[in-house]
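# Next one to model:
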Amino acid sequence: MPGKEGEPPSPQQLKDLRESALAKIREQGEDNFVAEDIQRLSKSDHYVTRFWLHVFDLPGDQGDEAANMIIETFKWRKEFGTNGINVNTVNSALFEKGNVYSHNRDKDGKKLLVFSVGTHEKGKDNMNELKRFFVYYLERLEREENGDLITIMFDCRNAGLKNMDMEFIQFIIGVFKDYYPDMLNYILVFEMPWVLNAAWKVIKAWLPAAAVKKIKFLNKSNISEYVDDDNKRECWGGNDPWEYTFEPEIVKVQPPPPAVNGHADSADDPELRGQGGGGGGSSESRKTVTFAEVKSSTSMDSLSSSIASVSPSGPEILKLIPNHEVIFEAAANGDLISRVQLTNISDKKVAFKIKTTSPEKYRVRPSSGLLSPGAETSVSLYVPTAANNGGSGNSPVAGKDKFLITAVYVEEMEVTNSSLQELLKTKKPDGHYRLRCQLAGQQQTPPQSPPHPAAGGWVTPGGGNLAQPGALPAQDPAKQITILLKKVNELTAKTEHLESTLAMQFYIVAALLGFIFLILIMVWFYIPAALQCEEVSEGARSTTDEL
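Now for the predicted structure:
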């Protein structure tokens, strides 16, 4: 029977699903499948769980539907040759064109895969090569992101009917629907022209209901809801001046995980995807997480006392970027935003939780989560416009507002969201990290404490007094100059446009005046002459009558 959206399998259901799929593989012959795929199925709970989550809305038994999808996926991978697709086996001309590329992340920290519809012309490239090119990026992102969610973006700027390649888009939808389970965070459609409305109605009909909910139609005025300014390219209305150039794959060297699958999964429990190493599977799970769950009695004194009560010994746990101070900048919508990247550099699973001295002011996404060894996640911090407009008392102030990140080792193999929250409340933290708040452009006070020789930052994994590294610059000067030059160029362009408009209007007015003057001259000379001729004619007739 169908399952519930976002509900992961129980340990027994996970075991039964794996055994059912392996039995089908043995029945059909292991030679008909890729050995690496069978090994991944045998060892990775996270990978198997993705199939379970993907088929929740199919009419049959969820376990049977997931097992069937695994078999069909593995058959397709063998037939398509996905394991042999790499940068050397894909048509190099497609990399030069850059109609498909991966660059930057959405607000949930998920990698963006962009299809530039406006620069693609259907029929210009071989369809089979295009399909292999797209699958190259899917396989690459599976490796780079450790099976985490991604967001696909259709950049429809300047697109018309000649760019709308329905066969290629149908293939894109098909692989996500049938062969890459539970992989999409959002489907972003940017600046779609009205002429393509009918085509998108057809495309939506190809998608299952769960995927339709992930479609977001965006333009420059609302794209900031899903992609922040630093991750938006300038042509999307953001601050990133990047122009397309092929970026080689990032190969991550990770410590071996406690499991025996040979690679680290981003999160073993899909409930935590979007909080720790993964990302929420449906649009309903995309919600603003606030610090309201922190007890109202939390204060700077209580945070300081909790930090001081921890032992100074212990290995490194998390790596923070930035590692001692977060810089808040104003977004286009008036919010103050910042971002912190957390990376688990230990050899164990780690749960983290973020607290603040001012829970009524700050918002965070996510506020807690689970990280597998080597996994990383991006945490968004922001002050909403309502709070930011409340005066200086509601703005991040250096030395006053602080964030405390606690880290706890997780020994359990299976962790649910409720058990994770209980663990973070009851277990003594294995590490503390403290971050100060700073507004961009404010003068920064260098920390006085020497850096920790082992931790190399604010982290004191066992506890004790927090060591601080040297002060970081408030903001990258090169970035400030880039933004300033961008604004100057925009102002110059607007000025030139205004000048050309005024010049055009001047020429039009001059032409109109000249035309009116010409008419007046004609009236001045022609009408009196005509009247004079009429008078002469009347005089002649009178003379004739007299005679």
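# what sits against residue 20?
By Cβ atoms under 8 Å, 6 or more residues apart in numbering, the contact list for residue 20 reads 63-64, 67. C-betas here are computed from N, CA, C, even on glycine.
# Now list the buried members of these.
Neighbour-count burial (16 or more other Cβ atoms under 10 Å) applied to the contacts of residue 20 gives 63, 67.
# Could you list which of the contacts of residue 20 belong to helices?
Using DSSP state H, 63-64, 67 are the members of these that sit in helices.
# would a markdown table of these with distance to residue 424 be doable?
Below are the ones in helices among the contacts of residue 20 laid out as a markdown table (distance: Cβ to Cβ, whole Å):
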| residue | distance to residue 424 |
| --- | --- |
| 63 | 31 |
| 64 | 36 |
| 67 | 35 |
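# Closest to residue 47 out of these?
residue 67 (13.5 Å; Cβ to Cβ).
# now the strands: where do they sit in the stretch 351-500 of the chain?
Along the stretch 351-500 of the chain, the stretches classed as strands by DSSP state E, counting those that start in this stretch are 363-365, 368-371, 376-383, 402-410, 431-439.
# pLDDT score assigned to residue 91?
Residue 91 is assigned 93 on the pLDDT scale.
# Backbone dihedrals for the closest residue to it other than its chain neighbours, please?
Closest residue in space to residue 91, ignoring its immediate chain neighbours: residue 129 at 4.6 Å, by Cβ to Cβ, 6 or more residues apart in numbering. Per-residue torsions, residue 129: phi -70, psi -40 (degrees, to the nearest 10).
# Determine the number of other residues adjacent to residue 129.
Counted by other Cβ atoms under 10 Å, the residues lying close to residue 129 total 13.
# Does it touch residue 92 like I think?
No: using Cβ atoms under 8 Å, residue 129 is not in contact with residue 92; the gap is 10.4 Å.
# circling back: residues contacting the residue nearest to residue 91?
Contacts of residue 129 (Cβ under 8 Å, 6+ apart): 90-91, 94.
# Buried members of the residues you listed into ChimeraX, please.
A single ChimeraX command suffices to select whichever of those are buried according to 16+ other Cβ under 10 Å:
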select :90,94
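# Could you dump the contacts of residue 129 into JSON lines with secondary structure added?
Putting those into JSON lines (DSSP: H, G, I helix; E, B strand; the rest coil) gives the following:
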{"residue": "90", "secondary structure": "coil"}
{"residue": "91", "secondary structure": "coil"}
{"residue": "94", "secondary structure": "helix"}
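# Against residue 242, how distant is the closest residue to residue 144 other than its chain neighbours?
Using Cβ to Cβ, 6+ apart and skipping the chain neighbours, the partner closest in space to residue 144 is residue 250 (5.5 Å). According to Cβ to Cβ, to the nearest Å, residue 250 stands 16 Å off from residue 242.
# between these two, which one's more packed in?
residue 242 (12 against 9).
# I'd like the distance between that one and residue 135.
24 Å.
# now do residue 66
Distance from residue 66 to residue 135, by Cβ to Cβ: 22 Å.
# now residue 361
Distance from residue 361 to residue 135, by Cβ to Cβ: 45 Å.
# all strands of the stretch 101-250 of the chain, in order?
111-116, 150-155, 184-190, 215-218.
# Tabulate those strands in a markdown table, adding columns for distance to residue 496.
Below are these laid out as a markdown table (distance: least, Cβ to Cβ, whole Å):
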| stretch | distance to residue 496 |
| --- | --- |
| strand 111-116 | 28 |
| strand 150-155 | 27 |
| strand 184-190 | 27 |
| strand 215-218 | 29 |
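# got JSON lines for the ones you listed, with mean neighbour count and distance to residue 208 too?
Below are the strands of the stretch 101-250 of the chain laid out as JSON lines (neighbours: other Cβ atoms under 10 Å; distance: least, Cβ to Cβ, whole Å):
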{"stretch": "strand 111-116", "mean neighbour count": "22", "distance to residue 208": "19"}
{"stretch": "strand 150-155", "mean neighbour count": "25", "distance to residue 208": "15"}
{"stretch": "strand 184-190", "mean neighbour count": "24", "distance to residue 208": "11"}
{"stretch": "strand 215-218", "mean neighbour count": "17", "distance to residue 208": "12"}
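# Just give the number of residues close to residue 244.
16.
# Need phi/psi at it.
According to degrees, to the nearest 10, residue 244 has phi -60, psi 130.
# Same check on residue 321?
According to degrees, to the nearest 10, residue 321 has phi -130, psi 110.
# Cool, thanks, talk later.
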